[in-house]
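Trainee: give me a model of this one.
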Amino acid sequence: MCEFGTWLFQIVRPKWNSWVARAQNSGHNTLGAFGYNTPLDYKEKIQAQNLDVLVYVEALGRVHVVKMDIEGAELKALRGAVMTLQRDHPLLLLELSDRLLQHQNATSAEVLSLLSQYGYRMYGFEGSTGLPAPLPSRNFFDSENIIAVAGDSLPW
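Mentor: I've put the predicted structure just below:
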């Protein structure tokens, strides 16, 4: 058992099935099924470590920014980062894609709900200017980049 702030946790490195695409589609590699018509090159078992454990093991003083584009595994990753979200309130840059999240038994609504629980406000990017704008509510996101900001301050 390890202590992180006032939390205790056990370091476990589970093995996940990773789907690996051919080199020209390597950006589609995922922990679940492909969300697009990407040909499978092979599968392999990989070890994963959640962000809270990584922060503890590497003795990171503070996490300022987290960037995620992990092909539908965002909810799993965020659930493994709740201590870091609570302690550091990092700026989050992530992709929301219900097409990919469904292969992980997750939805964008669950991702947004989890972030809201920790005081995050979500922003998308304005189509005409590319500037951040409040994220409009909708039922389905298709590979959209978002920014999640904790608290009332804006970093721009």
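
Trainee: which residues touch stretch 139-153?
Mentor: 69, 85, 89-100, 108-109, 115, 118-125, 132, 135, 155 (C-beta atoms under 8 Å, 6 or more residues apart in numbering). In short, each C-beta sits where N, CA and C put it, glycine included.

Trainee: only the buried subset of the residues you listed, as a ChimeraX command please.
Mentor: Burial among those is assessed by 16 or more other C-beta atoms under 10 Å; the matching ChimeraX selection reads:
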select :85,89,90,91,92,94,95,96,97,98,100,108,109,115,118,120,122,123,124,132,135
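
Trainee: quick one: average confidence on stretch 25-42?
Mentor: Stretch 25-42 shows a mean pLDDT of 69.

Trainee: endpoints of it, how far apart?
Mentor: End-to-end distance for stretch 25-42, by C-alpha to C-alpha, to the nearest Å: 13 Å.

Trainee: how much space between the spatially most central residue of the chain and residue 89?
Mentor: Geometric centre of the chain, nearest residue: residue 74, 3.0 Å, by C-alpha atoms, centre = their mean. As judged by C-beta to C-beta, to the nearest Å, residue 74 and residue 89 stand 18 Å apart.

Trainee: for this protein, just list every one of the helices.
Mentor: Ranges of helices in the chain, per DSSP state H, are 51-57, 74-79, 82-88, 98-101, 108-117.

Trainee: for residue 43, which of those is the nearest?
Mentor: Nearest of those to residue 43, taken as C-beta to C-beta: helix 98-101 at 16.9 Å.
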